[in-house]
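1. From the sequence below, what's the structure:
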Amino acid sequence: MVHIEEITDQVAERLKLSQAEGEKPQSHEKSEQALSPPQDAAATATAAMFPELSPGRAMTSKKTVDEVVAELKKTPFFMTELEENDDTEAFKALAYEGTPLEVATDFKDHGNECFRTRRWADAKEFYTKGVLVLAAEERKRARGEQSVEEKEKEGEEDVKAQRSMLESLYVNRAACHLELKNYRSCWLDCAAALRLNDRNVKAYYRSAKAFLAVDRVAEAHDACARGLALDPDNNPLKVVARDIVKKSEDVAAKQKKENERLAREKRRQTLIKAALAARGIRTRATPQPPDMEDAGLRLVPDPDDPRSELSFPAVLLYPAHLESDFIKAFAETDALADHLAYVFPLPWDKGGEYTVAGVECYVETLGGGLARVGKKVPLLKTLASGNVEVVDEVVRFFVLPKPKAEAWVREFKSKKAAEKGGG
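-> Below you'll find the model as predicted:
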């Protein structure tokens with residue numbers, strides 16, 4: 001394992017002291033020149049007093065501490081951060097005996113052993129180590145950064161063997177990704193293998209499997225077709241081809257079903273708009289409508305029959321006690337009394353103030369005022385008056401005990417007037 005050592009504060013302090021010592025001979029030499037005119041004699045005296053610097057110190061004697069630290073961090077031993085580059089990969093390869101090809105082969109063999117025992121994650125790690133070693137060599141060749149000695153040692157056959165091994169490692173790692181359901185990583189490794197050898201049938205096979213697993217049927221079909229063009233009798237590819245056909249049929253059926261659903265929803269919305277217009281009911285939508293889950297404005301009992309009744313979600317607000325109730329379906333022919341009958345008594349109404357006969361109900365008007373609603377009046381009559389609008393498909397009623405209703409109405413109107421005056 002590579003040991004990365006960081007430049008500590010103590011080391012930096014020593015560098016500062018060493019730098020100070022390196023500067024002392026210069027100042028001493030200047031004073032000697034001022035006192036003693038003969039320059040050769042001063043130089044001889046200085047040399048006698050201070051021993052000659054080592055080659056390493058001589059290289060850093062005229063650099064600041066920060067410059068020395070930066071220089072040291074460029075060497076692998078003192079690196080505090082590992083980057084994906086040739087130097088670090090080559091340095092990591094030094095931890096193993098043998099040439100890069102031998103090291104990568106060893107990693108592949110260990111990976112194969114793990115794969116045979118279904119240890120996919122362990123196998124993937126071994127293949128990855130082999131990939132890192134040989135990919136670093138590929139990058140060095142591509143950038144022309146090999147030393148003369150490396151170029152002399154490495155023949156054309158060696159390069160060919162390395163690339164063949166790298167291709168095999170990519171394909172094997174793709175198999176691990178496929179088993180681990182890392183589908184994107186699988187097809188990326190297959191693509192890397194195909195860049196090295198565009199006739200690798202296994203890479204096409206595993207790409208097709210990965211694409212098919214995430215319903216990317218077009219890409220799966222393309223990969224499978226390319227593989228079969230190279231090996232028409234490949235049975236695994238033939239099986240994938242049959243799976244692609246079946247998946248394609250399933251996706252087409254699913255898409256058809258979804259298209260039908262969208263068309264049906266659009267038609268129903270058109271019928272609802274026509275029904276609202278025919279009844280003279282005014283509506284308005286806000287930028288952030290409330291989440292009502294599966295509740296909504298509908299035609300009932302048959303949403304596809306324009307003769308059906310309109311049904312609205314409704315909210316009963318109890319402003320005197322800051323409580324509320326939600327009614328999922330309030331038909332246009334229903335009256336408030338029909339729903340209040342099963343909502344009352346309220347669990348939090350300890351004083352028994354809320355009864356059908358003992359409450360007053362209101363709706364807000366277009367002008368920001370209030371209109372009293374008869375408890376036995378059908379909803380349609382209230383909404384079709386032209387003075388009320390349905391906001392975000394929800395009808396809102398204010399329900400108050402009769403003794404508190406008059407005071408609340410005055411307070412409501414006062415607040416609305418203040419808001420208008422402030423605006």
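
2. From here on, just use CA atoms for contacts and neighbour counts.
-> OK.

3. Helix or strand with the lowest mean pLDDT in the chain?
-> Within the chain, judged by mean pLDDT, DSSP states H and E, the helix or strand with the poorest mean is helix 9-35; its value is a mean of 47.

4. residues in contact with residue 354?
-> Listed by C-alpha atoms under 8 Å, 6 or more residues apart in numbering, the contact set of residue 354 reads 344-346, 400-401.

5. Next, give me the two most distant ones among the residues you listed.
-> Within these, two members stand farthest from each other by C-alpha to C-alpha: 345 and 400, at 13.5 Å.

6. Which residue of those two possesses the greater neighbour count?
-> residue 400 (24 against 15; other C-alpha atoms under 10 Å).

7. residues contacting the more buried one?
-> Neighbouring residues of residue 400 by C-alpha under 8 Å, 6+ apart: 318-320, 354, 359-361.

8. and what of residue 236?
-> With contact taken as C-alpha under 8 Å, 6+ apart, residue 236 is in contact with residue 205.

9. Confirm that it sits in a strand.
-> No. Using DSSP: H, G, I helix; E, B strand; the rest coil, the secondary structure at residue 236 is helix, not a strand.

10. any idea which element residue 353 lies in?
-> Using DSSP states H and E, residue 353 sits within no helix or strand.

11. Give me the nearest residue to it, chain neighbours excluded.
-> Distance criterion C-alpha to C-alpha, 6 or more residues apart in numbering; nearest residue to residue 353, sequence neighbours excluded, is residue 401 at 5.9 Å.

12. wait, the one you found sits on residue 359?
-> Yes. Using C-alpha atoms under 8 Å, residue 401 makes contact with residue 359 at a distance of 4.4 Å.

13. shared neighbours of the two, anything?
-> Residues touching both residue 401 and residue 359 (C-alpha under 8 Å, 6+ apart) are residue 353.

14. and the gap between residue 135 and residue 216?
-> Residue 135 sits 29 Å away from residue 216, going by C-alpha to C-alpha, to the nearest Å.

15. can you check residue 257 too?
-> For residue 257, the distance to residue 216 - C-alpha to C-alpha - is 19 Å.

16. the more surrounded of those two?
-> A count of neighbours by other C-alpha under 10 Å puts residue 216 above the other of residue 257 and residue 216, at 17 against 12.

17. Tell me how far the more buried one lies from residue 312.
-> Distance, residue 216 to residue 312, using C-alpha to C-alpha: 41 Å.

18. Kindly report the same for residue 256.
-> Look at residue 256 and residue 312: by C-alpha to C-alpha, they are 31 Å apart.

19. if you count what's nearby, which of the two comes out ahead?
-> Between residue 256 and residue 312, residue 312 has the larger neighbour count (other C-alpha under 10 Å), namely 22 against 12.

20. ok, and that one, which helix or strand is that part of?
-> Per DSSP H and E, residue 312 falls inside strand 309-318.

21. quick one: average pLDDT of the helix or strand just after that strand?
-> Where DSSP H and E defines the elements, the next helix or strand beyond strand 309-318 is strand 323-331. Strand 323-331 shows a mean pLDDT of 96 in the predicted model.

22. ok now the strand holding residue 312, how far from the chain's centre?
-> Taking C-alpha atoms, centre = their mean, to the nearest Å, the mean C-alpha location of strand 309-318 is offset from the chain mean by 39 Å.

23. Just confirm residue 290 is within a strand.
-> No. Per three-state DSSP, residue 290 lies outside any strand segment and is coil.

24. Next, the contact list for the residue nearest to it when sequence neighbours are not counted, please.
-> Among residues not flanking residue 290 along the chain, residue 392 sits closest, at 7.5 Å (C-alpha to C-alpha, 6+ apart). Residues in contact with residue 392 (C-alpha under 8 Å, 6+ apart) are 283-286, 289-290.

25. check which helix or strand covers the closest residue to residue 172 other than its chain neighbours.
-> Nearest residue to residue 172 in three dimensions, chain neighbours excluded: residue 127, at 7.2 Å (C-alpha to C-alpha, 6+ apart). Assigned by DSSP H and E, residue 127 falls within helix 120-143.

26. what's next to that helix, contact-wise?
-> With C-alpha under 8 Å, 6+ apart as the contact definition, helix 120-143 has outside contacts at 85-86, 89-90, 93, 100-101, 103-105, 107-108, 110-115, 146, 162-163, 166, 169-170, 172-173, 176-177, 179-180.

27. mind listing which of those residues are in helices?
-> Among those, the members falling in helices (DSSP state H) are 86, 89-90, 93, 100-101, 103-105, 107-108, 110-115, 162-163, 166, 169-170, 172-173, 176-177, 179.

28. Which stretches in the stretch 301-423 of the chain count as helices?
-> Along the stretch 301-423 of the chain, counting by DSSP state H, counting those that start in this stretch, helices occupy 336-343, 379-383, 402-422.

29. which of these is buried the deepest?
-> A comparison of the helices of the stretch 301-423 of the chain by mean neighbour count, using mean count of other C-alpha atoms under 10 Å, puts helix 379-383 on top with a mean of 19.

30. which residues are in contact with it?
-> Contacts of helix 379-383 with the rest of the structure, by C-alpha under 8 Å, 6+ apart, involve 281-282, 331-336, 373, 388-390.

31. From residue 286, how far out is the nearest residue to residue 413 once chain neighbours are set aside?
-> The spatially closest residue to residue 413, leaving aside those adjacent along the chain, is residue 369, at 6.6 Å (C-alpha to C-alpha, 6+ apart). For residue 369, the distance to residue 286 (C-alpha to C-alpha) stands at 20 Å.

32. Show me which of those two is the more surrounded one.
-> The neighbour count for residue 369 versus residue 286, taken as other C-alpha under 10 Å, is higher for residue 369 (15 against 8).

33. The helix holding residue 127 versus helix 100-116: what angle between them?
-> 160 degrees (axes from the mean of the first three to the mean of the last three C-alpha atoms, to 10 degrees).

34. what comes up buried for helix 120-143?
-> 120-138, 140 (16 or more other C-alpha atoms under 10 Å).

35. Quick check: the residue nearest to residue 413 touching residue 415?
-> No. Residue 369 is beyond contact range of residue 415, at 10.5 Å (criterion: C-alpha under 8 Å).

36. shared neighbours of the two, which are they?
-> Residues touching both residue 369 and residue 415 (C-alpha under 8 Å, 6+ apart): none.
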